[in-house]
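S.K.: Predicted model, plus sequence, below.
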Amino acid sequence: MSRYLGEFLGTFALVFAGTGAIIVNDVSGGVIGHTGIALTLGLIVMTMIYAVGDVSGAHLNPAVSAGFWLARRLPLRELGLYALSQLAGAMAVSLLWKALYPEHTTLGATLPAVAVAKAFILEVVLTFLLMFVIIHVAVGTKERGLMAGVAVGGMVALAGIFAGLITGASMNPARSLAPALVSGNMGQLWIYLIAPVLGACLAILSCRMMRTTDCYIVLERDGRCAEGSWGNGSADP
């Protein structure tokens, strides 16, 4: 139960800060700015990795959890519970922002500013890069360690800085789904549901091509990683 609570709270914090930065920027006349929004997302991801990384792994993202499942680091039965916890956290935040700012039309929803095909490709590539970083700094199912938060948070901020203005740089179905549902901006939502999962899966396949022993691991029947099978050659403590 602690893992799912960790994912709920971590995703709550991510969406609260990420969509909140957009809302506050809009109502304050652009004081935060595009770069400030991107840095906010990177910083909240970094801090949540350090806060709950040793509890749940700090996936905070159904696409990332799907990537860990494909890498055989997360049992299928837990994948659904992780995704539900993440979606619940995101929805709670969007409902909160709706109550606070009912006049805001998007609530921080990710809306493409380019053609659908371009937005889809960009979100695939952005999530590919994010998952590529995550899978190489994670230990088993968990993003933890001294530099994991810096690496993953830095990748999120980087993606937001150069791609946020054209796609929103979501890379996260939960982050996009919740504000879209609550605000009613669901026209291009499918991009942000499919592209991140595809990008994450491609990243796992690329990892498999580069590291034949570290990306895929063996799970015991109870869903725990087998001895010595965790990423980077270390066993589950």
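M.R.: Sure thing, it's come through. Numbering: from 1, shown residues only.
S.K.: Next up, phi/psi of the residue nearest the centre of the chain, please.
M.R.: For the chain, residue 61 is the residue whose C-alpha lies nearest the centre (CA atoms, centre = their mean; 3.4 Å). Dihedral pair for residue 61: phi -160, psi 120, per degrees, to the nearest 10.
S.K.: I'd say it and residue 174 touch.
M.R.: Yes - judged on CB atoms under 8 Å, residue 61 makes contact with residue 174 at a distance of 6.4 Å. Using the backbone N, CA and C atoms, a C-beta is placed for each residue, glycine as well.
S.K.: thinking again about what came up before, pull up the gap between the residue nearest to the centre of the chain and residue 101, please.
M.R.: 24 Å (CB to CB, to the nearest Å).
S.K.: With residue 206 instead?
M.R.: With distances taken as CB to CB, residue 206 is found 40 Å from residue 101.
S.K.: now do residue 71
M.R.: Distance from residue 71 to residue 101, by CB to CB: 39 Å.
S.K.: Is there a neighbour count for residue 44? I'd like the number.
M.R.: Residues within reach of residue 44, counting by other CB atoms under 10 Å, total 24.
S.K.: who's in contact with the residue nearest to it when sequence neighbours are not counted?
M.R.: Counting by CB to CB, 6 or more residues apart in numbering, residue 44 lies nearest to residue 17, which is 3.9 Å off, once chain neighbours are set aside. Contact analysis of residue 17 by CB atoms under 8 Å, 6 or more residues apart in numbering lists 40, 41, 43, 44.
S.K.: What mean pLDDT does the helix or strand harbouring the first one get?
M.R.: Think residue 40. Element membership for residue 40 (DSSP states H and E) is helix 33-52. Regarding helix 33-52, the rounded mean pLDDT is 96.
S.K.: buried set for stretch 86-95?
M.R.: Buried residues in stretch 86-95, counting neighbours by 16 or more other CB atoms under 10 Å, are found at 86, 87, 88, 89, 90, 91, 92, 93, 94.
S.K.: Nearest to residue 135 among those?
M.R.: Relative to residue 135, the closest of the buried residues of stretch 86-95 is residue 86; by CB to CB it sits at 18.0 Å.
S.K.: all helices for the protein, in order.
M.R.: For the chain, the helices defined by DSSP state H occupy 2-27, 33-52, 62-70, 76-100, 116-137, 148-167, 173-183, 189-210.
S.K.: export the ones you listed to TSV and tack on distance to residue 108?
M.R.: Compiled in TSV, those are given as follows (distance: least, CB to CB, whole Å):
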stretch	distance to residue 108
helix 2-27	3
helix 33-52	9
helix 62-70	18
helix 76-100	7
helix 116-137	16
helix 148-167	12
helix 173-183	5
helix 189-210	12
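S.K.: out of those helices, deepest packed?
M.R.: helix 62-70 (a mean of 27; mean count of other CB atoms under 10 Å).
S.K.: Determine how far it lies from the middle of the whole chain.
M.R.: Its chain's average C-alpha position is 10 Å from that of helix 62-70, according to CA atoms, centre = their mean, to the nearest Å.
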